[in-house]
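In: need coordinates for the following:
(one chain, ligands or ions: 1)
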Amino acid sequence: MKVLVSGVCGLAGSHLVRCLLESHEGIEIVGLDNLARQGSETNRLALKRLGVQLVHGDLRMASDVEALPAVDWVIDAAAQPSVLAGRDGKTSARQLLEHNLLGTINLLEYCRSLRAGFILLSTSRVYSIAVLGQLPLAPVSSMFTLDPARPWPADVSAAGVTEAFSTAAPISLYGATKLASECLAQEYAAGFGVPVWINRCGVLAGAGQFGTAEQGIFSYWLHAHAARRTLKYLGFGGHGYQVRDALHPRDLARLVDMQLRNPGRGGLQNVSGGQQNSMSLAQLTAWCDDRFGPNAPLADGSDRPYDVPWLILDATLAANSFDWRPSIEIHAILEEIAVHVAEHPDWLERCGA
Ligand SMILES: NC(=O)c1ccc[n+]([C@@H]2O[C@H](COP(=O)([O-])OP(=O)(O)OC[C@H]3O[C@@H](n4cnc5c(N)ncnc54)[C@H](O)[C@@H]3O)[C@@H](O)[C@H]2O)c1
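Out: As a prediction, the model looks like this:
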């Protein structure tokens, strides 16, 4: 089997490649990256040594994609992955649309012409910010939890939001590029018979992630805490009670592996660490205080666009469909990042954070 991994030098892409090479005998991997993500170049040499056929190219350019060798599957792990992209003064809205949406279109056309399958790494940020913002929350043990005394909207439970949860705008420009990509991929599946799997990923976290304050929060927080940088609890009263769950990219890779082996079925599912791997920013700080010594964040109640107080993904559908569960628990993920912190004291500079 020959597989193209776009965004191969990124966090997800580089882990996917390592895992697939271990689990699939004889697999050949072509990896495409434009190295737009600061820090991504650090993965190039190691991937080359693993035998990946690396192509320095840009998904926005149809001619770059058309020139790629024929493959059986495409795993799209390339994107501007920040929820603030298009509004952060670093990437324009048009650039975001070109990277994340035009890039998907070029890959889908490539898949159609080759009759290759397509696996999209989508995001939890396709879910409605307004509906998430209205969840009935109460602080318990320094984290927001769903308040059992008040009614909850449909399609959410303590286990998280399901795939049926509202995707009504606003969902951020980033979320909109992913939702539109999902829709197009499903049309290519229905109209042209392209096998398509869509994985709505929760927060990914692991050692070597290019963390910034806007994206890669677990990695950023640990590196910044240890370096005694100033950290801030933004919004929601400035307490750091906002909650996300974390998934290690190796667990994502196990699921993607199963999808490659089951091309006929196709589908869309949440893929996340879930409730057992969830944590608030305040709890993350407490973990860092224990590990690195104290560095108290500043309370800053000012709102940041698109921030949500609580977002845990319910991955029951993936669990039932594939007998898949995340195997790397959150403290193991944090410990792995902490080791990376000790070995790479200059990491945030390399990431442009
Ligand atoms: N990291 C997360 O928490 C998270 C959560 C949900 C979904 N996702 C999705 O998973 C995928 C991978 O995310 P990641 O965390 O590995 O991001 P990353 O930034 O670490 O990796 C993305 C890679 O894509 C490359 N790239 C960007 N634009 C490109 C283009 N036009 N052409 C070629 N290469 C390009 C970058 O250089 C980078 O190496 C993305 O689609 C992202 O939206 C990530």
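
In: tell me how many other residues crowd the residue lying closest to G57 once chain neighbours are set aside.
Out: Distance criterion Cβ to Cβ, 6 or more residues apart in numbering; nearest residue to G57, sequence neighbours excluded, is D64 at 3.7 Å. Where you see a C-beta, it was placed from the backbone N, CA and C, and this is true even at glycine. Counted by other Cβ atoms under 10 Å, the residues lying close to D64 total 16.

In: I figured P151 hits P136, correct?
Out: Yes. Here P151 reaches P136: they are 7.0 Å apart, a contact under Cβ atoms under 8 Å.

In: give me the more crowded residue out of these two.
Out: Taking neighbours as other Cβ under 10 Å, P151 and P136 compare with P136 leading, 14 against 6.

In: quick one: contacts for that one?
Out: L146, D147, A149, R150, P151, W152 (Cβ atoms under 8 Å, 6 or more residues apart in numbering).

In: do you know how far the second one is from L231?
Out: Relative to L231, D147 is positioned 28 Å away (Cβ to Cβ, to the nearest Å).

In: of these two, who's got more company?
Out: The neighbour count for D147 versus L231, taken as other Cβ under 10 Å, is higher for L231 (21 against 14).

In: thought the more buried one was touching Y220?
Out: No. In this structure, L231 is not within contact of Y220 by Cβ under 8 Å, at 9.1 Å.

In: is it correct that the residue nearest to G57 falls within a helix?
Out: Yes. Counting by DSSP: H, G, I helix; E, B strand; the rest coil, D64 falls inside a helix.

In: near the closest residue to the ligand within the chain, how many other residues are there?
Out: Here the chain gets closest to the ligand at one residue, G10, 1.8 Å apart by Cβ to the nearest ligand atom. Using other Cβ under 10 Å, G10 has 28 neighbouring residues.

In: surely it and D76 touch.
Out: No. Taking contacts as Cβ under 8 Å, G10 lies outside contact range of D76: 11.1 Å.

In: wait, H225 sits on A286?
Out: No. Assessed by Cβ under 8 Å, H225 is found out of contact with A286, at 10.8 Å.

In: neighbour count: these two, which is higher?
Out: A count of neighbours by other Cβ under 10 Å puts H225 above the other of H225 and A286, at 24 against 15.

In: measure how buried the residue nearest to the more buried one when sequence neighbours are not counted is and give me the count.
Out: Closest residue in space to H225, ignoring its immediate chain neighbours: C288 at 4.0 Å, by Cβ to Cβ, 6+ apart. Per other Cβ under 10 Å, the neighbour tally for C288 reads 23.

In: I'd like the contacts of P136 laid out as CSV, including secondary structure, pLDDT and distance to the ligand.
Out: Output for the contacts of P136, formatted as CSV (DSSP: H, G, I helix; E, B strand; the rest coil; pLDDT from 0 to 100; distance: Cβ to the nearest ligand atom, whole Å):
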residue, secondary structure, pLDDT, distance to the ligand
L146, strand, 98, 22
D147, coil, 98, 27
A149, coil, 97, 32
R150, coil, 97, 29
P151, coil, 96, 29
W152, coil, 95, 24
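
In: right, I'll call it a day here.
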